[in-house]
Each structure stands twice: as C-alpha cells, then as structure tokens.
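Peer 1: Pasting the sequence and the predicted coordinates here, then a few questions.
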Amino acid sequence: MKTTKKQFVVVHPLDDVIETKVDTEALGPMAMTRSVRFSLLSLRAYLILMVLLVVYHVVILAR
Amino acid sequence: MTNKTLIMPTAVSTAGGAGLETETAPVRGRVVKSKIARDLLTFLMVFGPGLIVMVADNDAGAVSTYSQAGAQYGTHLLWIVLLLLPVCYFIQEMVVRLGIATGKGHAAMIYQRFGKWWGLFSLVDLELVNFLTLVTEFAAVDLALNRLGVDPRYGVPLAAAGLALLVLTGSYRRWERIVVFLCMLDFAWFAIAFRLGPPVRQIVKHALLPSIPAGGITPELMFLVIAIVGTTIAPWQLFFQQSCIADKRLRFADVKWARLDTFLGACVTITAAVCMMIAGAASQAHGFRFTDPAQMAADIGTFAGPAMRDLILLMMINAAVLGTTAISLSSAWAYGEVRGWPHSLQLPWREARGFYALYLISVAAAAGIVLIPRAPLQLIILGVQVLAGVILPSAIIFLQLLLNDKELLGEYANKPWNNWVNWTIIAVLFILSLILAAQVTAPNLFPS
C-alpha cells in the first residue's frame, strides 16, 4: 500500500510487487532436540495406533 | 473513495512459491482520499481466505452433526459451540501468520522444516482424510437431491462439473468472488433459525450458561461432543488457509486485515452452527426423530412449509459444494507444494496440469463412489469423523512447533500467551481423542 500526502493508493495483493519472504529453503530442516524428536516419534506411533483402532472399529461395524 | 485506477510500472524482483514466473508487471492501485476508505478498501481486498475457510468448515458433515445435536439435545449444547469460537480463531490465526511470513503452504513448510519423513506422513494423513470427507460431501448432495426430487445420477455429476469449472478459470480472484458469494448464502441459516427458533431467552441462556442435558453424560453425548469439536476444527483447514494466503500473495502489512477476516469468518461459522442446532431443536420440539439432515428438512417442511424444507435442502447442497471446493483445493495445493509442481489458481490449466488434475480427480472419484449402488456411506461418514478427530491434535502440534520457530518467523513467532492458549487447546483435543479411542476399544467403559 502506498500513500501520498492527500490521497492513498490501495493495491490488491495480486497486483502488487511480490514481497520478499523468508527463504525457507536456505534455512534447511529445523534443529530438533532429542526430546522433541522423541515426542514426535511417540506422536507418530500414537497416530498409527489410533488409525488402526479406527480401521478395526469400522471393519467390525461393516460385518 | 474514487474508482480511479493508477497503473505504475514496477519491476518484480522475487518470484512466489507457487510456480509463478518472475516478471515485470505494472502495479494497479485504486486511489482513495481518506484513511477510513483506505482501510475499508484494503480490508475488502485482503478479505476472503479467512471467511472461506471458516464457512467451508460448515460442510455437509457439520450440517449433519450440528442439526443432530439440536435434534437430540435441543439448545443445551449451544455453549460448547460458542466455546469453539476462540479455539478456531486462535488456530487459524497462527496459520495466517505462517502463511504471510513464508508465502508458502503448510505442507511445504512441514517438508522443509521437519524433513521428508514427517512431511510424507502429514501429507498421507491429509490426502486420506480429505478424500473420505469429499465422499461425505457428495453423499449429502445425493441425499438432498433425492429429497428435492432430482435424480442424483444427473445431479451429482452436474455438481461435480460445476465444481471443476469453478477452479478452471485461471483466476484466483474469480474463484474467490464466486466462493465468497456462496459463503454469503450461508446467511440463509439465520433466516431459517429466526423462522423456527425457540424463545431468544432460552437460546441466550443455553449459549452462555454451560449445562448438561437431562439424562446426564452418556456415551452418545460424549460422541456428539467429540463430533462437534472434530467438525468445527478440521486438519484440512490449516493446509487450506495457508495455501490460500500464499496463492493470494498476502503481504506483511495485510496481517491485521487477514486476522480480522479470520475472526469475522469464525463469527459467521459459529453463528451458522448455532442456527443449524436451532433447526434441529425445532424438529425435536415437534416430536420428530433425527436420522439425517435431509430427513430433518422434510420433517420441518411438515410444520414450516415446503419452502422452508427446500431452503434447508439447498443450504445442505451449498455446504457440500463449499466443503468440496475447499477440501479438494487443500489436497491439490498440498500435493503440488510437496512435488514442486506449479500450484496456483492464477495459472491456466496448461501451466499447472498436475495441480488441476489432482483437484479434478479428487472431485470425480468422490462423486463416482457416491453413485455406486449400496456403497456404505454411513460407515464412511462415521470413519471420517473419527479419523479427522484422531489426526487433528498431531496436525496442530506441527503448527505449534512451526509457530515457535523464530528462525523462520522472527517477530511473527508465537508469544508466551499464544503458547499457553495453544497447548491448552492441544491438551483438550488429546483428551477428547483418547476418550474417542476408549469408546472404540471399550464401548462399555462409559455407563449409559
């Protein structure tokens, strides 16, 4: 958005100059401590277990 | 405000992450003469992703869940819906910051910051639940068309074709305007509730004062509460809004307007949810038993007239159409981001074939499954609700970790109070998903 003294020019985001954002590719993967890594693995195991439970339940219901 | 348009040639130096080429493009702007007009126009230009993600969340499954809650428990559960207003705003507000700061979608962020392994798991979870949810959207279209006397063998493919045309225009703005118009149709729920509604005093009382319905805490009540939470906050919303913001190329200066857009969207969606519950409560008050929302519409038609019945059925179709376009796009954007394909609604078909093909295949396959005779639709709907509830806490944890990534977000990273709020939400969601797991594995654990 650009302003002048007496008037304002409002620009739609798609018509505006493309903004420079954080270069996420240059950052690379996030540094994770062991505890964070372990928590994420536990979360993944929990999720797989829960999905299997749901599948089991649905199969039982389908019979 | 004037309608004058200025065109200022400006060199574009950086390409976006959606496959758009670096180019020298003129900057088109509108001239206004007051700060109020400037703010209003800026908001209107930024407005869209927040409203769409919230209103599309009131999809066919949501219509079914909220109206069932009303039909079984009257207006007693209104306070839970109201409690979900800040929850859905806080979660989506994080997505707004992440999307504006990075200019990339959620799937791309998980891939880049957590690596391929975690990225793949998140993507598979998303694509699976999204596809199953799409099947439920078309199942609702099928049900509503049947009640309207339209043969679903023609109506469902017609709806799928309309959804395909909606995105194939090669213009983000055109897609957004049409979808915002469809979102505005949701205001018809207010008229429905006004026509059917119980006394305002009762609505206000049950919305503001938490109460347990007569009969106490039963497994059915618990299941419905979990379904209400699961339908109000869904994993696809995180992916959809971030990709939408990236595709619209929202700027850092737009953060406050995007927040307002999200907040207004949350208010509209929660108010519409309350109205759906009131419609269910009205059918209960007339002695009808809930089976599905199309049947509920027919029941309401017996005492409120056929016009009211048809309006509710049309709103069901509208909810399913909104849900389908948003969910299919979240799948296509996420897959396109991860594969590195061009993935923008601004691109014509020939320049983003993979992105559009994925959208079209999702829509066509979901519509096709619904048309299979004797497909176990009710079972698919149940499975989808449960799967979405299970996956949600995990999706929010990745979001929370990304929002605490100061290297990535700098000043847009979470503040300590944000973290307190979000970890509380995550804890509640985990408890609910554990209750769900307990109900699945040991159905007799909760006494009736």
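Peer 2: In hand now; what should we look at?
Peer 1: hey, let's count contacts and neighbours off CA atoms from now on
Peer 2: Will do.
Peer 1: so who does the spatially most central residue of chain B touch?
Peer 2: The structure's chain B has its C-alpha centroid closest to B:Asp57; by Cα atoms, centre = their mean the separation is 2.5 Å. Counting by Cα atoms under 8 Å, 6 or more residues apart in numbering or on different chains, B:Asp57 touches B:Thr231, B:Thr232, B:Ile233, B:Ala234, B:Gln237, B:Thr269, B:Gly323.
Peer 1: State the distance from B:Phe131 to chain A.
Peer 2: 15 Å (Cα to the nearest Cα, to the nearest Å).
Peer 1: okay, now that residue: neighbour count?
Peer 2: For B:Phe131, the tally of surrounding residues (other Cα atoms under 10 Å in any protein chain shown) stands at 20.
Peer 1: Can you mark which positions in whichever helix or strand it is part of are buried?
Peer 2: Counting by DSSP states H and E, the element that carries B:Phe131 is helix B:116-148. Applying a neighbour-count criterion of 16 or more other Cα atoms under 10 Å in any protein chain shown, the buried positions in helix B:116-148 are B:118-119, B:122-123, B:125-127, B:129-148.
Peer 1: just to revisit the earlier point, okay, the residue nearest to the centre of chain B and B:Thr75: tell me how far apart.
Peer 2: 21 Å (Cα to Cα, to the nearest Å).
Peer 1: mind checking the longest helix of chain A?
Peer 2: Within chain A, and with DSSP state H defining each element, the longest helix by residue count is helix A:34-62.
Peer 1: hang on, the earlier thing: from B:Pro376, how far off is the residue nearest to the centre of chain B?
Peer 2: 23 Å.
Peer 1: Could you do B:Val32 as well?
Peer 2: Here the criterion is Cα to Cα. By it, B:Val32 lies 57 Å from B:Pro376.
Peer 1: The two: which has the busier surroundings?
Peer 2: Between B:Val32 and B:Pro376, counting by other Cα under 10 Å, B:Val32 is the more crowded of the two (22 against 12).
Peer 1: Quick check: that one vs B:Phe187, distance?
Peer 2: 30 Å.
Peer 1: Which residues of chain A lie near chain B?
Peer 2: Chain A comes close to chain B at residues A:6-25, A:27-30, A:43, A:47, A:50-51, A:53-55, A:57-58, A:61-62, as judged by Cα under 8 Å from any Cα of the partner chain.
Peer 1: again, only using 6 Å
Peer 2: Counting by Cα under 6 Å from any Cα of the partner chain, the residues of chain A lying close to chain B are A:7-13, A:15-17, A:21-22, A:29-30.
Peer 1: Any chance of a markdown table for these, columns secondary structure and neighbour count?
Peer 2: As requested, the residues of chain A next to chain B are exported to a markdown table (DSSP: H, G, I helix; E, B strand; the rest coil; neighbours: other Cα atoms under 10 Å in any protein chain shown):
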| residue | secondary structure | neighbour count |
| --- | --- | --- |
| A:Gln7 | coil | 15 |
| A:Phe8 | strand | 21 |
| A:Val9 | strand | 21 |
| A:Val10 | strand | 24 |
| A:Val11 | strand | 22 |
| A:His12 | coil | 23 |
| A:Pro13 | coil | 23 |
| A:Asp15 | coil | 15 |
| A:Asp16 | coil | 21 |
| A:Val17 | coil | 24 |
| A:Lys21 | coil | 19 |
| A:Val22 | coil | 17 |
| A:Pro29 | coil | 16 |
| A:Met30 | coil | 16 |
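Peer 1: Take those residues and lay them out in a markdown table including pLDDT.
Peer 2: Listed next are those as a markdown table, based on pLDDT from 0 to 100:
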| residue | pLDDT |
| --- | --- |
| A:Gln7 | 86 |
| A:Phe8 | 91 |
| A:Val9 | 91 |
| A:Val10 | 93 |
| A:Val11 | 94 |
| A:His12 | 94 |
| A:Pro13 | 95 |
| A:Asp15 | 93 |
| A:Asp16 | 92 |
| A:Val17 | 90 |
| A:Lys21 | 90 |
| A:Val22 | 86 |
| A:Pro29 | 87 |
| A:Met30 | 87 |
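Peer 1: can you give me the strands in chain B?
Peer 2: B:5-11, B:24-32 (DSSP state E).
Peer 1: weakest of those strands by average pLDDT?
Peer 2: When the strands of chain B are compared by mean pLDDT, strand B:5-11 comes last with a mean of 48.
Peer 1: Would you map the helices across the stretch 101-250 of chain B?
Peer 2: In the stretch 101-250 of chain B, helices defined by DSSP state H, counting those that start in this stretch lie at B:106-114, B:116-148, B:152-167, B:172-184, B:188-196, B:200-208, B:219-232, B:235-248, listed in chain order.
Peer 1: Could you check the angle the first one makes with helix A:34-62?
Peer 2: With axes from the mean of the first three to the mean of the last three Cα atoms, to 10 degrees as the criterion, the two stretches helix B:106-114 and helix A:34-62 enclose an angle of 140 degrees.
Peer 1: cool, the third one as well?
Peer 2: On the basis of the same axes, to 10 degrees, helix B:152-167 is oriented at 160 degrees to helix A:34-62.
Peer 1: ok, B:Met109 to B:Ile369 distance?
Peer 2: Distance check for B:Met109 against B:Ile369: by Cα to Cα, it reads 32 Å.
Peer 1: Neighbour count: those two, which is higher?
Peer 2: It is B:Met109, of B:Met109 and B:Ile369, that has more neighbours when counted by other Cα under 10 Å, with 26 against 18.
Peer 1: who's in contact with B:Val321?
Peer 2: By Cα atoms under 6 Å, 6 or more residues apart in numbering or on different chains, no residues touch B:Val321.
Peer 1: again with the one 4 residues further on
Peer 2: Shown here is B:Thr325, which makes no contacts under the criterion Cα under 6 Å, 6+ apart.
Peer 1: mind running it again at 10 Å?
Peer 2: Shown here is B:Thr325, whose contacts under the criterion Cα atoms under 10 Å, 6 or more residues apart in numbering or on different chains are B:Ala56, B:Leu134, B:Ala160, B:Leu163, B:Ala164, B:Leu166, B:Val167, B:Trp175, B:Val179, B:Tyr359, B:Val363.
Peer 1: Closest to the mean position in chain A, which residue would that be?
Peer 2: Averaging the C-alpha coordinates of chain A gives a centre point, and the residue nearest to it by Cα atoms, centre = their mean is A:Thr24 (12.7 Å).
Peer 1: so B:Ala388 sits right up against B:Leu126, yeah?
Peer 2: Yes. If you go by Cα atoms under 10 Å, B:Ala388 and B:Leu126 touch, sitting 9.0 Å apart.
Peer 1: Which residues are in contact with each of the two?
Peer 2: B:Pro235, B:Trp236.
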